[in-house]
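In: The amino acid sequence is not available; the structure is as follows:
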């Protein structure tokens, strides 16, 4: 049975959402759970549920990495953090993957350091699963694991994203786009212009440059970019969604009787929130590491944690990492193939 | 009387919105208008309004730059485009500024080429005026005039944005932020880390790094970034707003009777659209050129054109360019001041 470690102390309402999500996951899927954190608090939380017979273990970790803690401190000083102990379980083969709703930067750093990258991968990348106007979500990669990327990094991000989209989201032939500032081939900055050339010859369904306004259209399955750009794009999206919902709530209530207005705006809000909800896939994926790491939003619900466990499990069952190793080795072979020999008489 | 040239053939509904906006501007403000484009079509459009006694001139230009035309073609081949002739009026002192709802890239290129930059400015930058959750809008600069910027360029963008915010938007002490991927000083990429150091010592109210999610909060008056980042952020915002409105329309109609649903969603949509409407300031400003250029959205209404004329006029009356020259000269002096002499006995 595949085992997934959950950093039980990560999220804003930890360990409540984590433990509830763990119990639900153990009930619904064929998966074992290891809850990592302050043992006493986890056991107390577990008492609220019927857990008899469920494959749930608890591993104690005495420290907690907080949301606003600088990554350097989190990595260097907290050797017994729940995040780090969870990562060690993956390193030591006692869990196949880790789920955390904690500090994203710290989680990426700790996981990369403790678990390590796949041998073919230069830099692991964070992939966000974005809602779109169409039925299927779009993968945006990288959204913050790497800044100042080299062209080859983006090529690898594209391959990892494509494999994830194909294997986990069921896209038979994912369309891969490059985030840029114009649709024409020649538009972009120095980085994207070089990446464009690499993607054109890669064994992917490369659809060309994609503009910011097309990210949420759903016409592209995988969109690649430098982590700085991806992080800004992702955060602009989050901030704007919040602002729009706030303004709409005000507007709706202003021309309806207050009760009806409140009801409607709540309904509209909930209905919309469900559409743009990240919790269906649990969180963002750190692609390219050994094992699998899913980093959930700090405000994750039990449902998000449960779904993160589901995706992490599927990631292992469908051997995504083997496919990534093969895919990137293929890219490397293409790039390093010797130039054609010219015979001179 | 200050004269503003309007590229009458630029927008999606040209010359209709342009001519109507021109007439309204000439009626409401103390400003002269020069409409540039196919004379016959402009005169025909003008007949719809009472223009007797209004200071509106028409200058013929035989060519039109289309929305999807590559910038290089637009600049090199169409020497008699309405955009170019309007820019020439500014160059020759026959107009103080230009307003266009045409192809943004072409308009920036043509204006920079024909009108030229202010002597102190290394690179003109495009400033977008964004709606926020607060009463005042935020200036985001650069949103696409320059990619692969050097640190000093962003410092100049900050100074230009600050002066615009202070002079035109009436912020007594604009708060200036740097778009980055974390609030801590040390977060960001190579470019932003260097810019951070420059902004810290500049004579501006620098509030530090601003994350993507804070762009629409309204806590910062001017946010600076490389044009690639700014363009992606702006377009992600536009695309997401459209998607959200689309989903909300569907959601609202799904649980209300169809008529009430349609009414409500239309109302909510209009009310919201008015809040996030760019038309109050007309469009994005190309800061750092001689004269003034405002580039409006292709879908601009007469109101947007009118307001762009108002802002362009105010820009001249309040001598924004003189302030920009002085401000940037001040920055340059600071950066090139000789190191303190150390006296050795």
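Out: Received it, and whenever you're ready, just let me know what you need. Keep in mind that what you see is a predicted model, and the values were worked out from it rather than measured. Numbers count the residues shown, from 1 in each chain, chains lettered A, B, ... in the order given.

In: how about the strands in chain A?
Out: A:3-7, A:32-37, A:56-60, A:97-100, A:125-130, A:138-141, A:175-180, A:205-211, A:222-224, A:283-287, A:292-296 (DSSP state E).

In: most neighbours per residue, which of the ones you listed?
Out: Of the strands of chain A, the one with the most neighbours on average (mean count of other Cβ atoms under 10 Å in any protein chain shown) is strand A:97-100, at a mean of 33. C-beta here means a position set from N, CA and C on the backbone, and glycine is covered the same way.

In: Partner strands of that strand, with direction?
Out: In the sheet, strand A:97-100 lines up against strand A:3-7 (parallel), strand A:292-296 (parallel) (DSSP bridges).

In: I would like the residues contacting the last one, please.
Out: When contacts are taken as Cβ atoms under 8 Å, 6 or more residues apart in numbering or on different chains, the neighbours of strand A:292-296 outside the stretch itself are A:10-11, A:87, A:90, A:96-102, A:104, A:107-108, A:111, A:115, A:126, A:282-286, A:304-305, A:308, A:311-312, A:315-316, A:320-321.

In: Out of the residues you listed, which sit inside helices?
Out: Counted as lying in helices by DSSP state H, out of these, are A:87, A:90, A:104, A:107-108, A:111, A:304-305, A:308, A:311-312, A:315-316, A:320-321.

In: Throw together a ChimeraX command that grabs the buried residues out of these.
Out: Per 16 or more other Cβ atoms under 10 Å in any protein chain shown, the buried members of the ones in helices among the contacts of strand A:292-296 correspond to this ChimeraX selection:
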select /A:87,90,104,107,108,111,304,305,308,311,312,315,316,320,321
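
In: and the ones in helices among the contacts of strand A:292-296, which two are the farthest apart?
Out: A:304 and A:321 (22.9 Å; Cβ to Cβ).

In: If we only consider the ones in helices among the contacts of strand A:292-296, which is nearest to residue A:46?
Out: residue A:305 (14.0 Å).

In: For that closest one, give me its contacts.
Out: Applying Cβ under 8 Å, 6+ apart to residue A:305 gives the contacts A:6, A:11, A:17-18, A:20-22, A:25, A:99, A:101, A:282, A:296.

In: quick one: least confident of these?
Out: Checked by pLDDT, these have residue A:282 as the lowest-scoring entry (76).

In: May I ask you to name the longest helix in chain A?
Out: Ranked by number of residues, the top helix in chain A under DSSP H is helix A:227-254.

In: Briefly note if it comes near chain B.
Out: Yes. Using Cβ under 8 Å from any Cβ of the partner chain, helix A:227-254 reaches chain B at A:227-229, A:231-244, A:246-248, A:251-252, A:254.

In: What residues sit buried inside that helix?
Out: A:227-241, A:243-245, A:247-249, A:251-253.

In: Across the sheet, point out what pairs with residue A:4.
Out: residue A:33, residue A:97.

In: Please give me every residue in contact with it.
Out: Going by Cβ under 8 Å, 6+ apart, residue A:4 touches A:25, A:31-34, A:95-99, A:309, A:312-313.

In: For residue B:209, find the nearest of the strands of chain A.
Out: Among these, strand A:125-130 comes nearest to residue B:209, with 19.0 Å by Cβ to Cβ.

In: Tell me the strands beside the closest one, with direction?
Out: Per DSSP bridges, strand A:125-130 is paired in its sheet with strand A:138-141 (antiparallel), strand A:283-287 (antiparallel).

In: and that strand, how far from the chain's centre?
Out: 4 Å (Cα atoms, centre = their mean, to the nearest Å).

In: That one to helix A:227-254, inter-axis angle?
Out: 20 degrees (axes from the mean of the first three to the mean of the last three Cα atoms, to 10 degrees).

In: which residues are in contact with strand A:125-130?
Out: Residues from elsewhere that reach strand A:125-130 (Cβ under 8 Å, 6+ apart): A:104, A:108, A:137-146, A:153, A:156-157, A:160-161, A:164, A:169, A:215-216, A:227, A:230, A:234, A:237, A:278, A:280-281, A:284-288, A:295.

In: Quick check: pLDDT value at residue A:329.
Out: 94.

In: Was I right to think residue A:59 contacts residue A:36?
Out: Yes. The pair residue A:59 / residue A:36 is scored as a contact, 4.9 Å apart, by Cβ atoms under 8 Å.

In: hey, what's in contact with both of the two?
Out: A:5, A:85-86, A:89.

In: Can you spell out which helices and strands pack onto the longest helix of chain A?
Out: Secondary-structure packing of helix A:227-254 (3 or more Cβ pairs under 8 Å, 6 or more residues apart in numbering or on different chains; DSSP states H and E): strand A:125-130, strand A:138-141, strand A:175-180, helix A:258-275, strand B:205-211, helix B:227-254, helix B:258-275.
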